[in-house]
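In: Here's my sequence, what's the structure:
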Amino acid sequence: MSLYKDASLVMIPSAYKDGKLYSIRPTDGSGDFTFSRGSNLAATRVDVNGLIEKGRENLIKQSNNFDTTPWGAVSASVTPNATTAPDGTLTASKIVATSVNGQHRIDQTTTSSSGLKTFSVYVKQSEITTTWLRIGSTGCFIDLTNGAISSISSGIIPSVVALSNDWYRCSITKTNATANEIVRINAGNSDYLGDDVSGIFLWRAQYEEGLVATDYIETGASTAQAGILEDMPRLDYSGSCPSLLLEPQRTNLEPYSEYFNAWNAVGGEVLTPNSILSPEGVLNGYTLAANNSGSALNIYDSIVVTSGADYVFSVWLKKNNTNNIEIYMYSTQAPLGFVSRAEVDFDAGTITDLDGSGATIEPYDNGWFRCSIKCTAPSTSLSNGIYNTDGGADVYAYGAQLEAGSYPTSYIPTYGTSQTRSAENNVLGTPISLDSNFCLFWEGAVLEDDIMLYGSGTNAWYINYTTSSGRIILDETSGRKVMAYLGSGSSTGVRAKIMVRRESGVHSIFANGAKLTNVTSVDSNSTLSLSSMYWGFNSSFYKGLEVNQSLVFETALTDSECIALTTL
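Out: Numbering: from 1, shown residues only. All right, here's what the predicted structure looks like:
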């Protein structure tokens, strides 16, 4: 549309980097946004392939420099660039067993927290045909002639993936790792006398949170991150086009969101990790199965909450051998009993709210559904559960989340303790001075009622959209300037196009292809400094929304232009 060339600012989510969201106009950088979220990797998004993308970190330093500190060799020497790596480069190293009797190994003490951790490394046999991988005092032996795994320690989940040219990517997951664990790679599986010749080949080590080894992240003297970083804008592809996802602070209170063996199994259920591709597209989905054909499926986890506060429990589920699965929230203190329940019909893709508390279902790729229920906690302890009374019922699961609030926000992964995604802040690097005529246009969906679309804390003005009533207002410090209603209201999550225009001091509101009737109209020509888009200046309005585009015109468009621009 030719109107875009008349806009002084055009933000259509496309280009970004950590801490920055670029606008299409202006091109000199003055219209770019400074973006901040926090100092952890708790945020996720749905990427262009429809998969959940996380923030990831390789906690190993010098991940492919095994002859460099902080790696330490014990009864071994390391020869770098000793053979061809799986990618065809001469970058694989060799651990050689020195001529002493003992374990021939390299170690590194990681800089990490406790919880669910996975250590991985590419390994190939040479004169020695076995390796022993360890995290702390636990691990397993791997036969490098055939990939066979043996002597698996309690609390360890091993994996071996065969590659070409006799290479294997070997990994071990420790379900209860402590802070700053020692990771260890042995040439051989026991003490023996080395000869200064025999050894194994190594390439690319990684130590990370989670159940599986993910794509390798190169590190040097420091750890390194990939995926959704701390202050990276999230261009979310939940719809047909990307939208900028902005959300308030939320905490996933469920300490193990993916490791269901940490939950309570009522009837001896068989819980199998890493048995199906999850909504991430990696093999970290769970199978939850009744222990025999006559037993019910019921697993749950109890969480301390605040009595009287609202909570939402969500989890991804996929059909296995039964079409109907229930999710529930149960008060484990007086008053005892179910406080929210819903039944999922996988074939129909629907969820039935069994007690009126509120339930949602959202389809994802490959047959997955994100299902949620909510409640007002009647006590200080809630059990979140997955349940089915049919004997032998099995279901796939991933990504459980319990959060305070009235709707499920984007997934916050946890690996042994609760995690918080900080509130997101997206402000103009250079404020725009709206001196007289202007048009402010916004397209997107709000995820929680009553939200600010534009504003500035400098002179305390804002545009507010209330979905439940359809009310759109422009307020200044001197009072309300315009108020109109987009119908009688709609549900949250519904896309809308909204524009507020000021022409010669007179305000008009356009929405979804129509000029609305003003209920309040007060003329004003005061100068407005636009510095904050979508959030405003008051933390009570820091709520979730998806932004498809935002435009600023420092002139007044005609009625027909405003109607054309806001038509869905």
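
In: how about G268, secondary structure?
Out: Following DSSP: H, G, I helix; E, B strand; the rest coil, we place G268 in the coil state.

In: Three-state assignment for the spatially closest residue to it that is not a sequence neighbour, please.
Out: Nearest non-adjacent residue to G268, counting by C-beta to C-beta, 6 or more residues apart in numbering: N291, 4.2 Å away. In short, each C-beta sits where N, CA and C put it, glycine included. What three-state DSSP gives for N291 is coil.

In: in the stretch 1-150 of the chain, what spans have low per-residue confidence?
Out: Where the stretch 1-150 of the chain drops to pLDDT under 70, the residues are 1.

In: Quick one: classify the spatially closest residue to I24 that is not a sequence neighbour as helix, strand or coil.
Out: Nearest non-adjacent residue to I24, counting by C-beta to C-beta, 6+ apart: V10, 4.4 Å away. State at V10, reduced to three classes by three-state DSSP: strand.

In: Tell me how far V10 lies from L551.
Out: Relative to L551, V10 is positioned 6 Å away (C-beta to C-beta, to the nearest Å).

In: Over to V339?
Out: In terms of C-beta to C-beta, V339 sits 45 Å off from L551.

In: quick one: contacts for A92?
Out: N81, A82, T83, T84, A85, Y122, K124, F201, L202, W203 (C-beta atoms under 8 Å, 6 or more residues apart in numbering).

In: For it, name its beta-bridge partners.
Out: Under the criterion DSSP bridges, A92 forms beta bridges with T83.

In: separation between it and I135?
Out: Distance of A92 to I135, computed by C-beta to C-beta: 22 Å.

In: and if you look at A309?
Out: In terms of C-beta to C-beta, A309 sits 38 Å off from I135.

In: The residue nearest to I24: neighbour count?
Out: Neighbours of V10 under the rule other C-beta atoms under 10 Å: 20.

In: Tell me the bridge partners for it.
Out: Under DSSP bridges, the beta-bridge partners of V10 are R25, L551.

In: how close does it get to S491?
Out: 29 Å.

In: do S30 as well
Out: 37 Å.

In: Which one of the two is surrounded by more residues?
Out: The residue with more neighbours, out of S30 and S491, is S30; 14 against 9, by other C-beta under 10 Å.

In: Surely that one is in contact with S433?
Out: No: checked against C-beta atoms under 8 Å, the pair S30 and S433 is beyond contact range at 12.0 Å.

In: Show me where the chain dips below the pLDDT cut-off.
Out: Residue ranges of the chain with pLDDT under 70: 1, 457-459, 535-541.

In: go again using 50 as the cut-off
Out: By pLDDT under 50, the chain contains no weakly predicted segment.

In: Break it into its domains for me.
Out: As given by automatic domain parsing, the domain ranges for the chain are 2-38+424-566, 72-225, 250-420.

In: possible to save these as TSV with distance to P233?
Out: Formatted as TSV, the domains of the chain follow (distance: least, C-beta to C-beta, whole Å):
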stretch	distance to P233
domain 2-38+424-566	4
domain 72-225	16
domain 250-420	13
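
In: in the sheet, who's paired with N186?
Out: Taking DSSP bridges as the rule, N186 bridges to R105, W132.

In: Next up, the contacts around the closest residue to D365 other than its chain neighbours.
Out: Distances taken as C-beta to C-beta, 6+ apart place G50 nearest to D365, at 4.5 Å, with adjacent residues excluded. Listed by C-beta under 8 Å, 6+ apart, the contact set of G50 reads Y237, Y364, D365.

In: How about the secondary structure of G50?
Out: G50 ends up coil, using three-state DSSP.

In: now swap in L565 and tell me
Out: At L565 the chain is in helix, as set by three-state DSSP.

In: ok, it - contacts?
Out: M1, L3, F441, K497, M499, F510, L551, L557.

In: Would you list the phi and psi of the residue nearest to D365?
Out: With angles defined as degrees, to the nearest 10, G50 sits at phi 80, psi 10.

In: any idea how far it is from G267?
Out: Look at G50 and G267: by C-beta to C-beta, they are 35 Å apart.

In: cool, and T322?
Out: Computed as C-beta to C-beta, the T322 to G267 distance reads 15 Å.

In: More neighbours: which of those two?
Out: For T322 versus G267, neighbours defined as other C-beta under 10 Å are more numerous around T322 (16 against 13).

In: Not counting sequence-adjacent ones, nearest residue to that one?
Out: Closest to T322 by C-beta to C-beta, 6+ apart is A393, at 4.3 Å.

In: isn't the one you found right up against N323?
Out: No: with contact defined as C-beta under 8 Å, A393 does not reach N323; the gap is 9.8 Å.

In: Among these two, which residue is more densely surrounded?
Out: Legend: neighbour count by other C-beta under 10 Å for A393 and N323, higher for A393 (23 against 16).

In: what's that one in contact with, if anything?
Out: A393 neighbours (C-beta under 8 Å, 6+ apart): A289, A290, A296, L297, N321, T322, I325.

In: CA atoms only: put stretch 135-153 into CSV for me.
Out: Provided in CSV are the C-alpha atoms of stretch 135-153 (Å, rounded to 0.1, in the frame of the first residue of the first chain):
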residue,chain,number,x,y,z
ILE,A,135,29.0,-36.6,35.0
GLY,A,136,30.4,-36.5,38.5
SER,A,137,30.5,-40.1,39.8
THR,A,138,27.9,-41.5,37.4
GLY,A,139,27.9,-42.5,33.8
CYS,A,140,28.1,-45.5,31.5
PHE,A,141,30.4,-47.5,29.2
ILE,A,142,30.1,-47.3,25.4
ASP,A,143,31.4,-49.8,22.9
LEU,A,144,32.8,-47.8,20.0
THR,A,145,32.7,-50.8,17.6
ASN,A,146,28.9,-51.1,17.7
GLY,A,147,27.5,-48.3,20.0
ALA,A,148,26.4,-50.7,22.7
ILE,A,149,25.8,-49.1,26.1
SER,A,150,26.6,-50.9,29.4
SER,A,151,27.1,-50.3,33.2
ILE,A,152,24.6,-47.5,33.3
SER,A,153,24.6,-45.7,36.7
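
In: Touching that stretch from outside, list them.
Out: 117, 119, 123-125, 128-133, 154-156, 158, 160, 162, 166, 168, 170, 172, 174, 177-178, 181-184, 189, 200.

In: What subset of these is buried?
Out: Buried residues within those, counting neighbours by 16 or more other C-beta atoms under 10 Å: 117, 119, 123-125, 128, 130-133, 156, 158, 160, 168, 170, 172, 174, 177, 181, 183-184, 189, 200.

In: And the helix or strand hosting T352, how far out from the chain middle?
Out: Applying DSSP states H and E as the criterion places T352 in strand 350-353. Taking C-alpha atoms, centre = their mean, to the nearest Å, one finds strand 350-353 lying 25 Å from the centre of the chain it belongs to.

In: Enumerate the positions of that strand that are buried.
Out: Using 16+ other C-beta under 10 Å as the test for burial, strand 350-353 gives I351.

In: Can you point out the buried residues in the very next helix or strand once past that strand?
Out: Once the chain leaves strand 350-353, the next helix or strand it forms, by DSSP H and E, is strand 359-363. Using 16+ other C-beta under 10 Å as the test for burial, strand 359-363 gives A359, T360, I361, E362.
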